[in-house]
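K.L.:
Fold the following for me, if possible:
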Amino acid sequence: MDLKTAIAQAVKGDERGFAYLYEQTCQKKYYLALQYMKNKEAAEDVLQEAYLKAFQKLPTLQNPEAFEGWLGMIVANTAKNMLAKKNPMLFSELAVDGEGEEYVYDVEDDNPENQPELAYTQEETKELVHEMMDTLSEEQRMCILMFHIENISISEIARTMDCSENTVKSRLNYGRKNLKSKAEEMQKKGYRLYSVAPIPLVLYLLSTDQKVMAAEPAFRMAGEKVEAVVLKKATAKASTIAGNTAAKSSTSAAGKAAAKGTASAAGKTVAKGTASTAGKIAAGKIAAAVVATCIVGAGSYGVYQLNNENHMADRLSKAATTAQMTEDTDTTTDTKSHQKKENKQQQDKKQDKKQSDQTEIRNLYEQVLTDVQNGKYEFTQMENNTDYYYFVTDIDGDQIPELGVGPKQDAAPMTIYDLRLFSCEQTANGYELVTIQGEENVEDLHIAADGNGLLMNLITQGTGMCEVHRITVRNKILVYGSAEQTFRIDDTATSEFENSNQEVSWKSITDQSGLQVLK
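P.N.:
Purely as a prediction, here's the structure:
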């Protein structure tokens with residue numbers, strides 16, 4: 001099973017879908033709930049409520065792959081609400097740690113080369129996590145966990161915590177300073193921290209501590225206890241919704257059937273009434289015919305007239321039935337036509353919105369290409385080279401294509417580009433350009449088949465060895481990862497890599513046909 005299948009099953013009320021989603025994510029979310037709440041029972045309450053909310057809102061989730069991040073937002077928001085109930089002053093603008101100090105993201109925080117390779121006992125790890133996290137205020141702790149662990153943007157954190165973006169930036173800034181001070185203090189006590197940057201140190205400690213706790217029986221039992229409650233309630237809720245939907249549909253169908261039956265009955269009544277009237281008329285004619293036969297002796301008139309009146313009654317009855325059938329058919333046709341029209345209107349609106357978004361993004365990227373040609377952006381690794389190229393592709397799976405730009409340098413047998421990336425983010429007033437920090441010299445660049453970033457096949461001349469590195473964007477920073485794959489250029493793995501991952505198609509900056517994908 002995968003996320004898409006599990007979500008589809010869960011939306012239908014299938015317990016297997018709910019179970020898969022819970023079991024795939026509960027360890028990390030429970031651990032984070034513990035860090036948010038600092039209390040086992042409160043963390044279990046957060047976990048239970050967050051999953052129930054998420055499962056109820058599953059039909060609104062458009063991208064199944066975004067489930068874990070989306071759930072992380074719900075867990076964080078649930079924790080924040082519970083903490084705020086105990087202390088209404090938390091997370092308000094009045095709780096700001098300082099004013100006027102802009103948060104500057106430290107590249108050290110995300111550079112894989114700065115991630116620590118330390119070794120502590122389980123007891124040491126737990127003590128360090130306890131010491132480091134306890135040095136933070138509630139607001140700082142939540143901001144750091146949401147931003148660095150859940151990769152939630154500053155704007156989303158601000159919305160969740162009901163404060164301004166500057167307040168979030170301030171809390172991140174002061175939180176990092178407090179962590180650094182605590183790390184220095186712990187090092188004086190004899191801990192081997194080797195001057196590791198504060199954020200990578202905390203991320204390492206949290207990751208290690210989570211793995212240790214996940215193996216503990218008490219941790220697993222807590223997760224299983226919450227799972228039992230969540231699955232029972234979520235399945236029952238889904239069944240109720242499904243039942244109500246079915247009942248509504250049944251009632252609607254019954255109503256239509258009743259209406260149709262009423263109309264049919266009315267038709268029969270009309271027909272019956274007409275036939276009855278015709279019968280009475282016919283009876284009168286028979287009597288008249290008998291008199292006429294007795295007096296005149298013209299017996300054939302009475303029989304003819306009776307047959308004529310009975311035929312007229314049949315025609316009236318059939319006409320009423322036909323009219324009802326025509327009305328039913330017209331009603332069904334009108335309903336289907338109306339539904340079809342509504343569906344088309346919705347599709348047209350979606351298509352118009354998509355085209356409008358694509359046009360807006362295209363205009364922003366056209367301006368970037370113009371600005372690059374005019375020297376607005378620096379390419380420090382190829383300063384004097386103005387032979388610019390670009391490509392457009394969605395490298396992070398958010399349905400918004402990124403723009404890659406860079407000068408080209410031919411270094412036979414390879415072609416090297418000094419890559420800079422640009423993206424867009426949607427705001428209340430439309431799309432805004434996002435300039436990704438950092439640049440990298442790249443060669444033999446491919447679009448990752450798994451939808452996560454770009455892959456560069458770095459070939460070492462002379463040895464023929466290849467290393468595949470992943471290039472991603474995290475918190476608006478270009479991140480160059482360590483080698484994920486190694487093979488020789490003449491191995492079958494080379495062709496498998498190239499066949500599995502589409503090569504990036506660079507175009508000269510003077511040829512803007514590469515932006516056609518945004519039409």
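K.L.:
contact partners of stretch 509-519?
P.N.:
355, 358-359, 361-362, 365-366, 369, 372-373, 388-392, 401, 405, 505, 507 (Cβ atoms under 8 Å, 6 or more residues apart in numbering). Backbone N, C-alpha and C define where each C-beta goes, glycine included.
K.L.:
Report the buried residues of that stretch.
P.N.:
509, 514-515, 518 (16 or more other Cβ atoms under 10 Å).
K.L.:
how about the CA coordinates for it, as CSV?
P.N.:
Below are the C-alpha coordinates for stretch 509-519, written out as CSV (Å, rounded to 0.1, in the frame of the first residue of the first chain):
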residue,chain,number,x,y,z
ILE,A,509,18.4,32.7,-22.4
THR,A,510,17.7,34.3,-25.8
ASP,A,511,15.3,31.5,-26.6
GLN,A,512,12.2,31.8,-24.3
SER,A,513,10.4,28.8,-25.9
GLY,A,514,11.4,26.9,-22.7
LEU,A,515,8.7,28.9,-20.9
GLN,A,516,6.0,27.4,-23.0
VAL,A,517,5.5,24.8,-20.3
LEU,A,518,3.9,27.6,-18.3
LYS,A,519,1.1,28.1,-20.8
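K.L.:
Return the distance of that stretch from the chain's centre.
P.N.:
Relative to the chain's own centre, stretch 509-519 is displaced by 28 Å; criterion: Cα atoms, centre = their mean, to the nearest Å.
K.L.:
swap in stretch 361-373?
P.N.:
28 Å.
K.L.:
Same check on stretch 142-155?
P.N.:
17 Å.
K.L.:
which residues touch that stretch?
P.N.:
32, 35-36, 69, 72-73, 76, 79-80, 83, 91, 103, 109, 136, 157, 160-161, 165, 168-169, 171-172, 175-176, 179, 199, 202-203, 206, 474-475.
K.L.:
if I read this right, Gly481 contacts Val473, doesn't it?
P.N.:
No - here Gly481 lies out of contact with Val473, judged by Cβ atoms under 8 Å, at a distance of 11.7 Å.
K.L.:
the more surrounded of these two?
P.N.:
Per other Cβ atoms under 10 Å, whichever of Gly481 and Val473 has more neighbours is Val473, with 20 against 15.
K.L.:
Now render the buried residues of stretch 509-519 as TSV, adding pLDDT and secondary structure.
P.N.:
Below are the buried residues of stretch 509-519 laid out as TSV (pLDDT from 0 to 100; DSSP: H, G, I helix; E, B strand; the rest coil):
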residue	pLDDT	secondary structure
Ile509	93	coil
Gly514	86	helix
Leu515	88	helix
Leu518	81	helix
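K.L.:
Only the buried residues of the lengthiest strand in the chain, if you could.
P.N.:
Across the chain, the longest stretch assigned as strand under DSSP state E is strand 414-427. Neighbour counts over strand 414-427 (16+ other Cβ under 10 Å) mark 416-424 as buried.
K.L.:
Ok, stretch 44-58 next?
P.N.:
Buried-residue list, stretch 44-58, by 16+ other Cβ under 10 Å: 44-52, 54-55, 58.
K.L.:
What subset of the contacts of stretch 142-155 is buried?
P.N.:
32, 35-36, 72-73, 76, 79-80, 83, 91, 103, 109, 136, 157, 160-161, 168-169, 171-172, 175-176, 179, 199, 202-203, 206, 475.
K.L.:
coming back round to it: sort out which of the contacts of stretch 142-155 are in strands and list them.
P.N.:
Arg474.
K.L.:
Which strand or helix spans Arg16?
P.N.:
Here Arg16, judged by DSSP states H and E, is contained in helix 15-37.
K.L.:
Could you list the buried residues of that helix?
P.N.:
Result for helix 15-37 [16+ other Cβ under 10 Å]: buried residues 15, 17-22, 25-37.
K.L.:
Could you do stretch 400-410 as well?
P.N.:
400-409.
K.L.:
Same list, those, but as TSV with distance to Ile152, pLDDT and secondary structure please.
P.N.:
Below are the buried residues of stretch 400-410 laid out as TSV (distance: Cβ to Cβ, whole Å; pLDDT from 0 to 100; DSSP: H, G, I helix; E, B strand; the rest coil):
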residue	distance to Ile152	pLDDT	secondary structure
Ile400	17	87	coil
Pro401	22	91	coil
Glu402	20	93	strand
Leu403	24	94	strand
Gly404	25	95	strand
Val405	28	96	strand
Gly406	30	94	strand
Pro407	35	94	strand
Lys408	36	92	strand
Gln409	38	87	strand
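K.L.:
List just the nearest of those residues to Leu193.
P.N.:
Taking Cβ to Cβ as the measure, Leu193 lies nearest Glu402 of those, at 36.2 Å.
K.L.:
any idea how far Phe497 is from the closest one?
P.N.:
For Glu402, the distance to Phe497 equals 22 Å [Cβ to Cβ, to the nearest Å].
K.L.:
Next: Thr121.
P.N.:
For Thr121 relative to Phe497 (Cβ to Cβ), the value is 40 Å.
K.L.:
who has more neighbours, these two?
P.N.:
Each of Thr121 and Phe497 has its neighbours counted (other Cβ under 10 Å); Phe497 has more, 19 against 9.
K.L.:
now whichever strand or helix holds that one: mean pLDDT?
P.N.:
Using DSSP H and E, Phe497 sits in helix 492-500. The pLDDT scores in helix 492-500 average 86.
K.L.:
Tell me which other helices or strands whichever helix or strand comes after it touches.
P.N.:
Where DSSP H and E defines the elements, the next helix or strand beyond helix 492-500 is strand 507-508. Applying 3 or more Cβ pairs under 8 Å, 6 or more residues apart in numbering; DSSP states H and E, we find strand 507-508 packed against strand 388-393.
K.L.:
how about the strand it packs on as CSV, C-alpha atoms only?
P.N.:
Output in CSV follows, covering the C-alpha atoms of strand 388-393 (Å, rounded to 0.1, in the frame of the first residue of the first chain):
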residue,chain,number,x,y,z
TYR,A,388,23.4,32.3,-20.0
TYR,A,389,21.1,29.2,-20.1
TYR,A,390,18.0,28.2,-18.2
PHE,A,391,15.4,25.4,-17.6
VAL,A,392,12.0,25.2,-16.0
THR,A,393,10.8,22.2,-13.9
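K.L.:
tell me the SS of Leu231?
P.N.:
helix (DSSP: H, G, I helix; E, B strand; the rest coil).
K.L.:
ok, it touching Tyr22?
P.N.:
Yes - here Leu231 reaches Tyr22: they are 7.0 Å apart, a contact under Cβ under 8 Å.
K.L.:
Now do the helix holding Arg16, average pLDDT.
P.N.:
93.
K.L.:
And the next helix or strand past that helix?
P.N.:
helix 40-56.
K.L.:
Check the offset of that following helix from the chain's centre.
P.N.:
Distance, centroid of helix 40-56 to centroid of chain: 20 Å (Cα atoms, centre = their mean).
K.L.:
any low-confidence regions in the chain?
P.N.:
Low-confidence segments of the chain, defined by pLDDT under 70: 89-119, 194-196, 239, 241-338, 345, 348-352, 411-413, 461-462, 519.
K.L.:
With distance to Arg192 added, can I get the buried residues of strand 414-427 in JSON lines?
P.N.:
Below are the buried residues of strand 414-427 laid out as JSON lines (distance: Cβ to Cβ, whole Å):
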{"residue": "Ile416", "distance to Arg192": "40"}
{"residue": "Tyr417", "distance to Arg192": "41"}
{"residue": "Asp418", "distance to Arg192": "39"}
{"residue": "Leu419", "distance to Arg192": "37"}
{"residue": "Arg420", "distance to Arg192": "38"}
{"residue": "Leu421", "distance to Arg192": "37"}
{"residue": "Phe422", "distance to Arg192": "41"}
{"residue": "Ser423", "distance to Arg192": "39"}
{"residue": "Cys424", "distance to Arg192": "44"}
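K.L.:
Quick check: the two most widely separated of those residues?
P.N.:
Maximum distance among those (Cβ to Cβ): 26.8 Å, for Ile416 and Cys424.
K.L.:
Show me what the longest strand of the chain is packed against.
P.N.:
helix 300-373, strand 402-411, strand 430-435, strand 440-442, strand 465-474, strand 477-488.
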